[in-house]
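>>> turn this into a model:
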Amino acid sequence: MTFLNPGMLGALALIGIPILIHLLRKKRVVVVRWAAMEFLRLSQERQKRRLRIEEIVLLALRCLIVLCVVMAFVRPVLRSLGIPIPGVNARVYAVVVLDNSFSMGLKGSDGKTSFQRAQSAAQEILSHVLKPGDAASLVFLSNKPEEGIGAPSYDLRLVQRRVLGAKPSTRATDYLETAKTVSRLLKASKIPAKEVYWITDDQANAWESSKRESAKSFWKEFGGLARLTWVSVGTDAKERNNLAVEPPILANQLVTPQLSARLEAQIDNFSDKSYSDLLVNLIVEGKKVGTTKVNLTPNGSATARFLYRFSQPRTYTGRIELQNPEDIDHLVTDNSAPFAVPVREQLKVLLIDPH
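Predicted structure coming up:
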């Protein structure tokens, strides 16, 4: 047995108080010889034994009360048997799964992104749900999950700082791959009471890999490793409309100042809403140099095409972006796509006469 607050064991000395009270209140018997009362002696002996038993029971109850109060503060945990003492004060190992995939950057009507709400939920769990003496790990959820804190940490403030310092990634969402990482951490821990707090925005495509037949046995085993608490921080379905600009393609790979370059970018519509005359801008070196319009059908795509002549031989940077991204959707990260174009002064051409 170990104790989460061993410093309180010194309070066990308080058990001496009821023992002292018992000794001070012990009656001193004065023997008075009286022939007329001799026939009552046997009855007095029986009553004296009964009173002695009652006093011992009362002393034991008083000591037990003091012991229970002290044990409530030191929080004992049985380890040799591998069984935690039932109750809310039992020591816990918690794995906090924080979704930092690309979709978590979507902003809701409250002005916060899904990732910001996930950070707040993780902070609430670490500061109010878990207690001093509990251990925690941190796993970032994506199709390539990362261990923010792998080994169980008893410094919950450290875990909170890691949560606050995290950023959304550009990766996809995959619940199965993340669950495999969590499973490995749970199996490695010797702490008997285990919990998992899964904080995500509930993307439907996150379950694609779990639809395989081989994944069913894994999820069945995973359900028996720990108690799982699912925390949903996603925006409402009506706020999940999203447009995305794919990375631009340079139609003519070799560009000179005398030759206009053609840049193309595919615009994807991930919603059931259609868009007409959607404005798309070409930005070169921080300046808008072109605008075109595209029409998007529900869950469809279109190509935005630009022609631009670069004036000098050097490498130019720019981007193709939606003109009013904030008015279209709140996942601003994919509303533009960058590019770089190397422009050469001249092209050397070797002509070979086959004759």
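
>>> confidence score at residue 89?
You'll see residue 89 listed with a pLDDT of 47.

>>> do the same with residue 4
Turning to residue 4, the model gives it a pLDDT of 54.

>>> check residue 306 too.
pLDDT for residue 306: 94.

>>> sec struct for it, please.
Secondary structure, DSSP: H, G, I helix; E, B strand; the rest coil: residue 306 is strand.

>>> and what of residue 11?
Using three-state DSSP, the structure places residue 11 in helix.

>>> how near is it to residue 72?
Distance of residue 11 to residue 72, computed by C-beta to C-beta, to the nearest Å: 11 Å. Where you see a C-beta, it was placed from the backbone N, CA and C, and this is true even at glycine.

>>> equivalent analysis for residue 337, please.
Residue 337 is 60 Å from residue 72, by C-beta to C-beta.

>>> neighbour count winner among those two?
Taking other C-beta atoms under 10 Å, residue 337 and residue 72 do not tie; residue 337 has more neighbours (17 against 13).

>>> check contacts around that one.
Counting by C-beta atoms under 8 Å, 6 or more residues apart in numbering, residue 337 touches 245-248, 265, 319-321.

>>> strands - which of those land there?
The strands, defined by DSSP state E, take in 245, 265, 319-321 from the contacts of residue 337.

>>> any chance of these in CSV, with neighbour count, pLDDT and distance to residue 293 too?
Shown next, in CSV, are the ones in strands among the contacts of residue 337 (neighbours: other C-beta atoms under 10 Å; pLDDT from 0 to 100; distance: C-beta to C-beta, whole Å):
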residue, neighbour count, pLDDT, distance to residue 293
245, 21, 91, 14
265, 23, 94, 14
319, 17, 94, 18
320, 26, 94, 13
321, 21, 93, 14
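
>>> which one of these sits closest to residue 197?
Set against residue 197, the nearest of the ones in strands among the contacts of residue 337 by C-beta to C-beta is residue 245 (34.6 Å).

>>> tell me the mean pLDDT for the helix or strand hosting residue 23?
Assigned by DSSP states H and E, residue 23 falls within helix 16-24. Confidence for helix 16-24, expressed as mean pLDDT, is 73.

>>> list the buried residues for it?
Of the residues in helix 16-24, residue 18 count as buried by neighbour count, 16 or more other C-beta atoms under 10 Å.

>>> helix or strand right after that helix?
Proceeding C-terminally, helix 16-24 gives way to helix 41-74 as the next helix or strand, assigned by DSSP H and E.

>>> which strands and helices sit next to that following helix?
With contacts taken as 3 or more C-beta pairs under 8 Å, 6 or more residues apart in numbering; DSSP states H and E, helix 41-74 sits against helix 16-24.

>>> need the residues that contact the helix it packs on.
Applying C-beta under 8 Å, 6+ apart, the external contacts of helix 16-24 come out as 55, 58-59, 62-63, 66.

>>> and it with helix 41-74, angle?
Counting by axes from the mean of the first three to the mean of the last three C-alpha atoms, to 10 degrees, helix 16-24 points 170 degrees away from the direction of helix 41-74.

>>> what segments of the stretch 201-350 of the chain are helices?
Using DSSP state H, counting those that start in this stretch, the helices assigned to the stretch 201-350 of the chain run over residues 213-223, 325-328.

>>> now mean pLDDT too, for these, in JSON lines please.
Shown next, in JSON lines, are the helices of the stretch 201-350 of the chain (pLDDT from 0 to 100):
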{"stretch": "helix 213-223", "mean pLDDT": "91"}
{"stretch": "helix 325-328", "mean pLDDT": "68"}
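
>>> what about stretch 99-111, start to end distance?
From its first residue to its last, stretch 99-111 covers 19 Å (C-alpha to C-alpha, to the nearest Å).

>>> run through who's touching it.
Outside stretch 99-111, the residues touching it (C-beta under 8 Å, 6+ apart) are 113-115, 117-118, 140-143, 166-173, 199-201, 203, 206, 233-236, 239-240, 242, 329-334.

>>> please, a PyMOL command that selects the buried ones among these?
For the buried members of the contacts of stretch 99-111, the matching PyMOL selection, counting by 16+ other C-beta under 10 Å, is:
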select buried, resi 113+114+115+117+118+140+141+142+143+166+168+169+171+172+173+199+200+201+203+206+233+234+235+240+242+329+330+331+332+334
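
>>> and the contacts of stretch 99-111, which of them are in strands?
Counting by DSSP E, the contacts of stretch 99-111 place 140-141, 199-200 in strands.

>>> related to what we said a few turns ago, so for residue 299, which of the helices of the stretch 201-350 of the chain sits nearest?
Closest approach to residue 299 among the helices of the stretch 201-350 of the chain (C-beta to C-beta): helix 325-328, 15.3 Å.

>>> what segments of the stretch 251-355 of the chain are strands?
Remark: strands assigned in the stretch 251-355 of the chain by DSSP state E, counting those that start in this stretch are 261-269, 275-284, 287-296, 301-308, 315-322, 336-342.
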